[in-house]
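K.L.:
Give me a model of this one.
(one chain, ligands or ions: 1)
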Amino acid sequence: MTGHMGDKARMIVHNLAMMSPDCRIYDVKKENMKYFIPDTLVQAKKEGFVMCEQCKETTNRISQND
Ligand SMILES: [Zn+2]
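P.N.:
Now for the predicted structure:
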């Protein structure tokens, strides 16, 4: 199962479990999609990607409700 998808055009990484419609991941071109091994945010950051603001907001919202 894939947890993260990088967008090489914008150098951001989406958390597929947390993504919102604002992420527009369907607009990401296939050639710009990047998957990580291991599939973690840490690995994505190591490769120069930053967390998507929309995914981050969703993550924060969920943890606040907890
Ligand atoms: Zn996102």
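
K.L.:
Only C-alpha atoms from now on, for both contacts and neighbour counts.
P.N.:
OK.

K.L.:
what's the single longest helix in the chain?
P.N.:
Among the segments of the chain that qualify as a helix by DSSP state H, the longest is helix 53-65.

K.L.:
gap between the helix or strand harbouring V42 and the chain center?
P.N.:
Per DSSP states H and E, V42 falls inside helix 41-46. Here helix 41-46 shows a centroid-to-chain-centroid distance of 10 Å under the convention CA atoms, centre = their mean, to the nearest Å.

K.L.:
now the protein, which segments are flagged as low pLDDT?
P.N.:
1, 65-66 (pLDDT under 70).

K.L.:
Would you mind naming what in it lies close to the ion?
P.N.:
Proximity of the chain to the ion, by CA under 5 Å from the ion, involves residues H14, M19, C23, C52, Q54, C55.

K.L.:
what would these look like in TSV with neighbour count and distance to Q43?
P.N.:
Listed next are these as TSV, based on neighbours: other CA atoms under 10 Å; distance: CA to CA, whole Å:
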residue	neighbour count	distance to Q43
H14	25	13
M19	20	18
C23	18	20
C52	18	15
Q54	18	19
C55	21	17
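
K.L.:
Out of the residues you listed, flag the one nearest to I37.
P.N.:
When the residues of the chain next to the ion are compared for distance to I37 (CA to CA), H14 wins out at 14.7 Å.

K.L.:
ok, that closest one touching S20?
P.N.:
No: under the criterion of CA atoms under 8 Å, H14 makes no contact with S20, lying 9.5 Å away.

K.L.:
any common contacting residues for the two?
P.N.:
Each of C55 lies in contact with both H14 and S20 under the rule CA atoms under 8 Å, 6 or more residues apart in numbering.

K.L.:
Give me the phi and psi for the residue nearest to the spatial centre of the chain.
P.N.:
With distances taken as CA atoms, centre = their mean, H14 lies nearest the centre of the chain, 1.0 Å away. Dihedral pair for H14: phi -100, psi 140, per degrees, to the nearest 10.

K.L.:
which residues sit in contact with it?
P.N.:
Listed by CA under 8 Å, 6+ apart, the contact partners of H14 are H4, M5, G6, D7, C23, M51, C52, C55.

K.L.:
What is the nearest of the residues you listed to K34?
P.N.:
G6 (4.5 Å).
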